[in-house]
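Asks: how would this look folded up:
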Amino acid sequence: MRLVTYTLILLTFAAGLVFAVWQLSYREALSQLSTAAEARLSLAADRLVGRLERYRVLPVILARDAAFLDALAQDSPSRLNPRLRQLADLSRSLNISLVDPSGRVIADSAYNTQQSYLGKNLANRPDFMRAMNGALGFYHLQERIDTPRGFTFASPVRDAGGVIRGAIVVKADLENLELLWRGDPETVFFADENNVIFISNRSELLFTQIGSPPEKTALARYGNQSLAPFPDPRASQRYGHTIWHADGDPKLPVEALLKTQPLPIIGMNAYILSDLRPAIEAARLRAMLVAALLALFGAILAALHIRRSALARELALRSEANAELEARVEKRTAQLQRARDDLVQADKLSALGQMAAGISHELNQPLAAIRSFSENAQVFLARGQGEKASQNLGRIADLTGRMSRIIKNLRAFSRKEGEPTGDVALGKVIEDTLEIAGARLRSENVTVNWQRPAQEIVALGGAVRLQQVVLNLISNAVDAMAETPAKRIEIGLHEDQTHARIVLRDTGPGLEAEEKIFEPFYTTKTMGKTDGMGLGLSISYGIVQSFGGDIKGENHADGGAVFAITLPKGDPL
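Replies: You can find the predicted model right below:
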């Protein structure tokens, strides 16, 4: 009976241990799969947005060509058709169209083909309407079932006085862009504001709708074709992760991990479904390995027990030695377990220390000052000098406010801005950016000449994205002044009746090629270094253009580079 009892206890323990190993392994595999899925989704989104970025810049550049402005003012713009076709071939665009203020296409790269837009009216298209309002517009559509899906960018064409005389519309071929991730094992798709899947690495998911169908008026952008409903699998939460079950649907995995990412820059949401079978299989293999080891260990114990029972009298001393050895093994096992737990805890503390190191320098000085002021306040109170103690308490409040601003600015800057363009206080943007970059500016011994205007200057834009542009210019200036003895950055704010302007000047060696600085991948930094890919100024250019503004860079007469950000004025706060 005792043997049966022990056997049942061991079997119960083994079953519980195998189940615990399976659970822990599955949770770890899910976490790793989630991290990988987020990285792949971010990569797919970046590849899509990055490829669209060159088409985003193209209409902005073409809109500056005087030939298109002349064509809008003449009666025979058809002479531009061959040139537009040549530009479309060079940029691999589906269409490049010149549109007059009424929305009529007067010149098109696809003239004399079925895909030509000549004579069509784009007045009701959102991209054209946004361009006529002075901003960079974008849109996606498929005119007919037999035409390719496209993503359009529209930029206003202005005359010398800044009056909008028309628009340049560039249409990119989304089907070519999809080839970048068509072979990925995960299911990736992008749905628009109508919850219609417009881009995917699974062609069978295209033009399926997630949730309620869009309005009938919106169906024109999908070629007026019928939209199939997106499979509605059962969703559940497992260890903090969203799991989708799509039993019987051949287009989707039976069980998949869902990750989403908003892409406001193109007006879509990105989705990825990662098959759970690898995670389940990995957890199963670990559990089976533990079960095999336990079975082997159990078999060894059983053999030892049988042998011990048969030779108990003859091998009493050996049995005692075996018992002592087993006790040592258990003790060493416990010690190893504690050591492993200590290592895990140390690793956690190390990770926490690395995360805290970035802001510790900015917070240590105020903390030290708070301690000093508080000790002085106690002394003043003990002496009955309440006024001086109150002054010290006020300084403590100021320092805690400074620490709060540092943490608030870091948290705000790390978030992705999803709000639409609105009124932004430029002085606050500059000061928040300088507070974020303060540690580096001080470590590089850079002097900043900045005086906030008495009356706040307000412009149209997005606070976080505008901080990104200013921080990029400051970082570039610090990099450029690496070998400069006197490092100085001058920042100023100016305004007129219609525009606000941020001007930033450094004392570095200046710009080598002013006409190329906003081109993607153009850089004078050594390849391989941080931020040396030549995309910072190109992205900043696109951000400012999306606000309806402009950014220029040139060399100063007294040395160094000067960058000017011009934005439409907003309403006073």
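Asks: switch to C-alpha atoms for all contacts and neighbour counts from now on
Replies: Fine.
Asks: surely residue 465 meets residue 543?
Replies: Yes - at 7.0 Å, residue 465 and residue 543 qualify as touching, with contact defined as C-alpha atoms under 8 Å.
Asks: burial of the residue lying closest to residue 468 once chain neighbours are set aside, as a residue count?
Replies: What sits nearest to residue 468 in space, not counting adjacent residues and going by C-alpha to C-alpha, 6 or more residues apart in numbering, is residue 540, at 7.7 Å. Residue 540 is surrounded by 22 other residues when neighbours are defined as other C-alpha atoms under 10 Å.
Asks: Quick one: classify residue 540 as helix, strand or coil.
Replies: Assigned by DSSP: H, G, I helix; E, B strand; the rest coil, the conformation of residue 540 is helix.
Asks: which residues in the stretch 351-500 of the chain form strands?
Replies: Using DSSP state E, counting those that start in this stretch, the strands of the stretch 351-500 of the chain run over 422-425, 447-450, 458-461, 488-495, 499-506.
Asks: you'd agree residue 548 is up against residue 132?
Replies: No - under the criterion of C-alpha under 8 Å, residue 548 lies out of contact with residue 132, with a separation of 10.9 Å.
Asks: Overlap of the contact sets of the two?
Replies: Contact criterion C-alpha atoms under 8 Å, 6 or more residues apart in numbering; no residue bridges residue 548 and residue 132 by contacting each.
Asks: So residue 272, which state does it fall into?
Replies: Per three-state DSSP, the local secondary structure of residue 272 is strand.
Asks: residues contacting it?
Replies: Taking C-alpha under 8 Å, 6+ apart as the contact definition, residue 272 lies against 37, 41, 186-189, 257-260.
Asks: Between which two of these is the distance greatest?
Replies: Distance extremes for the contacts of residue 272: the farthest pair is 189 and 257 at 13.9 Å, using C-alpha to C-alpha.
Asks: out of those two, which sits in the more crowded spot?
Replies: Set side by side, residue 189 and residue 257 show more neighbours around residue 189, with 26 against 23, by other C-alpha under 10 Å.
Asks: Distance check, the more buried one against residue 201.
Replies: Relative to residue 201, residue 189 is positioned 7 Å away (criterion: C-alpha to C-alpha, to the nearest Å).
Asks: And the helices in this structure?
Replies: Along the chain, the stretches classed as helices by DSSP state H are 2-62, 66-73, 81-91, 126-132, 174-178, 277-310, 316-382, 386-414, 426-443, 463-480, 536-546.
Asks: And those: which comes nearest residue 225?
Replies: Go through the helices of the chain one by one with C-alpha to C-alpha and the one that ends up closest to residue 225 is helix 174-178, at 17.8 Å.
Asks: and the closest one, which residues are buried?
Replies: If you call a residue buried by 16 or more other C-alpha atoms under 10 Å, then helix 174-178 has these buried ones: 174-175, 177-178.
Asks: Repeat that for stretch 146-158.
Replies: Residues 148-158 are the ones in stretch 146-158 that count as buried (16+ other C-alpha under 10 Å).
Asks: And for stretch 127-145?
Replies: Residues of stretch 127-145 classed as buried: 127-132, 134-143 (neighbour count, 16+ other C-alpha under 10 Å).
Asks: can you list the residues that contact stretch 128-140?
Replies: For stretch 128-140, the surrounding residues in contact (C-alpha under 8 Å, 6+ apart) are 60, 101, 103, 122-123, 125-127, 149-156, 164, 166-167, 169, 221, 266, 545-548.
Asks: Put the alpha carbons of it into PDB.
Replies: Output for stretch 128-140, consisting of C-alpha atoms alone and laid out as PDB, is shown next (Å, rounded to 0.1, in the frame of the first residue of the first chain):
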ATOM      1  CA  PHE A 128      -7.700  67.300 -54.400                       C
ATOM      2  CA  MET A 129      -9.800  69.200 -51.900                       C
ATOM      3  CA  ARG A 130      -7.000  69.100 -49.300                       C
ATOM      4  CA  ALA A 131      -4.500  70.300 -51.900                       C
ATOM      5  CA  MET A 132      -6.700  73.200 -52.900                       C
ATOM      6  CA  ASN A 133      -6.700  74.100 -49.200                       C
ATOM      7  CA  GLY A 134      -3.000  74.400 -49.300                       C
ATOM      8  CA  ALA A 135      -1.900  71.100 -47.700                       C
ATOM      9  CA  LEU A 136      -0.600  67.800 -49.100                       C
ATOM     10  CA  GLY A 137      -3.600  65.500 -49.700                       C
ATOM     11  CA  PHE A 138      -3.700  61.800 -49.900                       C
ATOM     12  CA  TYR A 139      -6.300  59.200 -51.000                       C
ATOM     13  CA  HIS A 140      -6.600  55.600 -52.000                       C
END
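Asks: can you give me how far that stretch is from the chain middle?
Replies: 24 Å (C-alpha atoms, centre = their mean, to the nearest Å).
Asks: Please renumber the chain so that the first residue is 10 from this point on.
Replies: Sure, I'll start counting at 10 from here, so that last one is stretch 137-149.
Asks: does residue 154 really touch residue 230, like I thought?
Replies: No - taking C-alpha under 8 Å as the definition, residue 154 is not a contact partner of residue 230, at 10.6 Å.
Asks: ok, now how distant is the closest residue in space to residue 293 that isn't next to it in sequence from residue 24?
Replies: Taking C-alpha to C-alpha, 6+ apart as the measure, residue 293 lies nearest to residue 31, with 6.3 Å between them; neighbours along the chain are not counted. Shown here: residue 31 relative to residue 24, a distance of 11 Å by C-alpha to C-alpha.
Asks: Good, we can wrap up now.
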